[in-house]
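Novice: Attaching a predicted model along with its sequence, questions to come.
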Amino acid sequence: MEPNRSPIILWFRRDLRLSDHPALGAASRTGRPIVPVFILDDQVQALGAAPKWRLGLGLEAFAQRLEQIGSRLILRKGAALDVLGDLVKETGAVAVFWSRAYDPEAIGRDKKIKATLQGQGINARSFAGHLLFEPWMIATKAGQPFRVFTPMWRSVQGREVPPPEPAHTRLVPPETWPVSDRLTDWGLDRGMGCGACVVRPFVRPGEAAALDQLDTFLQRIDRYPAQRDRLDDAGTSDLSEYLSLGEIGPRAIWHRVQNADRTGVSGGEAFLRQLVWREFAYHLMYHWPHLLTDNWKPEWDTFPWNTDPDAPDARAWRQARTGIPVVDAGLRQMYVTGRMHNRARMIVASYLTKHLMTHWKVGADWFAECLIDWDPAANAMGWQWVAGSGPDAAPYFRIFNPQTQRERFDPNSDYLHRWVAEGQAAPSATALSYFDAVPRSWTLSHKDAYPQPVVGLKEGRARALHLYESRKEPVRN
């Protein structure tokens, strides 16, 4: 093969897009043929049922997008290093490019791959793209990683974010395409069971849908500061699943929102703050990788949480049958749509960790199984923030009261009626869909009586406060 025709393998991961893609831009500028690849390795196999199913939809949409510009997505299954080594031999590739990941398992895998390929004379390079700022580039004045969000937010507000590159409309193809697996043979939908048919109407996968959703949100971003916590209103961006799979890049969002601000549309700063909250989660995960599996604050290691995911309280919570309507509504929204409103996530997590005294990891693992917008850093930080074991300047005794939260953010009970069928004379289609989405083994019906609370709100709060205050060592913030 002529030297200038030797291809570059572009290893796609959580970056399923053609715009705002530094690795793709660098590969394209070489003028060499590009072989796009996605690898089903052990880390992808370990995904929960819902995120794995959503990944399959994303890969299908991305493959179609590549075909529209004369390219292909090559699918291979196996250990990433072995697959890439085989593809280098098959294609005569001189380089392998990819976008960086920041979780500890991916970092370990990628370092080994880079060292091995470079040792073989292959140009192995990783690029930014999943975040606005690389975690090692953001530090306090003392040069330390941030432990509190607000100072980090202040530190990045004036920083320059590189503008996103436009979408690529052509990728140079190789002379011969390597053989690809068939996506249907991977069975990425296998774990979803009957839930796939229920959730599918609520999902629009792909980069085009992501950009369309951003356009839709920008038309109402002025309402974001006041409405983003309302359970009964469409006040959020609904971009989380697209960011999770990289169907849209954070730099594209940042600049579009800033441009809206410059034209006099309000609400942008409040939203950008939440985008940097996502950055904060990755910042913490990179510098303290135990965030994913253990208490970020080690003094919480002795706290007497129940760690059994099959305990009756945890089972009632998982089945959205806690007897606390807004808690159950949030969980049922997740089973029907694959997503959950952010305010509902906080209420649901607080009830599990505070009222039911169940370890945050039980809830985090369940979300990792059920959310189509699951994100390792955001999921872990969110749960630990609510539980009190994570980065939070607020006192440990903050316990959400589901009733007052519902009254404030769902004053007319519209959210409850949308997702909880029991007790309604004419339940909504979305509320009834919950019973189609959940496992048949739960043997649930909308004709069942709505349960009494597993733990009363006053009782649960009093028990939690007693346990917090009676610890041998005080919880330190």
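Specialist: Here it is on my side, so go on. Numbers count the residues shown, from 1 in each chain.

Novice: so where is this protein shaky, pLDDT-wise?
Specialist: 1-4, 393-397, 471-477 (pLDDT under 70).

Novice: Determine which residue lies closest to the centroid of it.
Specialist: Asp375 (2.5 Å; Cα atoms, centre = their mean).

Novice: Which residue is the nearest non-sequential neighbour of that residue?
Specialist: Ser244 (4.9 Å; Cβ to Cβ, 6 or more residues apart in numbering). Just so you know, the C-beta spots here come from the backbone N, C-alpha and C atoms, and that holds for glycine as well.

Novice: Could you do Val37 as well?
Specialist: Val37's closest residue in space is Ile74 (Cβ to Cβ, 6+ apart), at 4.7 Å.

Novice: Tally up the residues packed near that neighbour, please.
Specialist: With neighbours defined by other Cβ atoms under 10 Å, the count for Ile74 comes to 25.

Novice: Contact partners for the residue nearest to the centre of the chain?
Specialist: 240, 243-244, 278, 281 (Cβ atoms under 8 Å, 6 or more residues apart in numbering).

Novice: what about the strands in the stretch 51-200 of the chain?
Specialist: All strands of the stretch 51-200 of the chain, identified by DSSP state E, counting those that start in this stretch, fall at 74-77, 95-99, 123-127.

Novice: circling back to that earlier point, okay but the residue nearest to Val37 is in contact with Pro36, surely?
Specialist: Yes: using Cβ atoms under 8 Å, Ile74 makes contact with Pro36 at a distance of 6.5 Å.

Novice: on that earlier part again, could I get the strands of the stretch 51-200 of the chain as JSON lines with distance to Glu67?
Specialist: Shown next, in JSON lines, are the strands of the stretch 51-200 of the chain (distance: least, Cβ to Cβ, whole Å):
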{"stretch": "strand 74-77", "distance to Glu67": "12"}
{"stretch": "strand 95-99", "distance to Glu67": "21"}
{"stretch": "strand 123-127", "distance to Glu67": "24"}
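
Novice: Kindly report the domain assignment for this protein.
Specialist: 1-129, 131-161+205-287, 298-469 (automatic domain parsing).

Novice: closest to Thr176 out of those domains?
Specialist: Among the domains of the chain, the nearest to Thr176 by Cβ to Cβ is domain 1-129 (7.8 Å).

Novice: List phi and psi for the closest residue to Arg170 other than its chain neighbours.
Specialist: In space, and not counting its chain neighbours, Arg170 is closest to Ile69: 5.5 Å by Cβ to Cβ, 6+ apart. Main-chain dihedrals, Ile69, degrees, to the nearest 10: phi -110, psi 20.

Novice: before we move on, back to that, in helices, which of the contacts of Asp375 fall?
Specialist: 240, 243-244, 278, 281 (DSSP state H).

Novice: ok, of those, which one's closest to Ile113?
Specialist: Ser244 (22.7 Å).

Novice: Phi and psi next, for Thr358.
Specialist: Dihedral angles for Thr358 - degrees, to the nearest 10 - are phi -110, psi 140.

Novice: Give me the neighbour count for it.
Specialist: 22.

Novice: From Pro312, how far out is it?
Specialist: 11 Å (Cβ to Cβ, to the nearest Å).

Novice: swap in Gln319?
Specialist: Applying Cβ to Cβ to Gln319 and Pro312 gives a distance of 11 Å.

Novice: of the two, who's got more company?
Specialist: Gln319 (17 against 10).

Novice: residues contacting the more buried one?
Specialist: Counting by Cβ under 8 Å, 6+ apart, Gln319 has contacts 438, 442, 444.

Novice: Show the buried residues in the residues you listed.
Specialist: 438, 444 (16 or more other Cβ atoms under 10 Å).

Novice: Any idea how many residues pack against the residue nearest to Val198 when sequence neighbours are not counted?
Specialist: Distance criterion Cβ to Cβ, 6+ apart; nearest residue to Val198, sequence neighbours excluded, is Ala437 at 4.0 Å. Neighbourhood size, Ala437 [other Cβ under 10 Å]: 21.
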